[in-house]
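Visitor: Build the 3D model from these lines:
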Amino acid sequence: MSRAIRRQQASPGKEGGSRKPLGLRKPQPTRGARPPGPPRRRLRFGVPSWLEEIFSELRKVSWPSRDETLYLSMVVILVAISVGLILGGIDLLFNWVVDRLLLQ
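Guide: Numbers count the residues shown, from 1 in each chain. This is a model prediction of the structure:
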């Protein structure tokens, strides 16, 4: 059975175009709904929303402890010093090679 036949059987006596178009029906209010009115405009003073979002994201961050921070800082400093010494040694080696081979 098609939908059209079911609709005709469900609504006896309404044959033809006696139905209202869907756009003209008034929506039924739901429980607890406020009556529609003009939109409220509130002035918001205080912290902008983008700043609130930044703080909420910072609360989600898993921050390291003081001991982890000190340990990782020392690792970074030692690696930076060792890489600097290695690159400085390579620079001195290349300067010595250039002085010996090209400038004599």
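Visitor: which element follows the host helix or strand of Glu53 toward the C-terminus?
Guide: Element membership for Glu53 (DSSP states H and E) is helix 49-60. Next in sequence after helix 49-60, counting helices and strands by DSSP H and E, comes helix 66-101.
Visitor: Off-centre distance for that next one?
Guide: 39 Å (Cα atoms, centre = their mean, to the nearest Å).
Visitor: How about stretch 59-72?
Guide: 23 Å.
Visitor: What's the mean pLDDT across the helix holding Glu53?
Guide: Across helix 49-60, the average pLDDT comes to 91.
Visitor: Please apply the same query to stretch 7-17.
Guide: 63.
Visitor: likewise stretch 83-96?
Guide: The model assigns stretch 83-96 a mean pLDDT of 97.
Visitor: follow-up on the earlier one: quick check: which helices or strands does the helix holding Glu53 pack against?
Guide: Packed against helix 49-60 by the contact rule (3 or more Cβ pairs under 8 Å, 6 or more residues apart in numbering; DSSP states H and E) you find no helix or strand. For glycine as for every other residue, the C-beta is placed from the backbone atoms N, C-alpha and C.
Visitor: Just the CA atoms of it, as CSV, please.
Guide: Coordinates of the C-alpha atoms in helix 49-60 are reproduced here as CSV (Å, rounded to 0.1, in the frame of the first residue of the first chain):
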residue,chain,number,x,y,z
SER,A,49,35.6,34.9,24.5
TRP,A,50,38.9,34.2,22.8
LEU,A,51,40.7,34.8,26.0
GLU,A,52,38.4,32.4,27.9
GLU,A,53,39.1,29.8,25.2
ILE,A,54,42.8,30.2,25.7
PHE,A,55,42.5,29.7,29.5
SER,A,56,40.3,26.7,29.0
GLU,A,57,42.9,25.1,26.7
LEU,A,58,45.7,25.9,29.1
ARG,A,59,43.8,24.1,31.9
LYS,A,60,43.8,21.0,29.7
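Visitor: Please shift the residue numbers so they start at 41 in all later answers.
Guide: Got it, the first residue is 41 from now on, which makes the last one we talked about helix 89-100.
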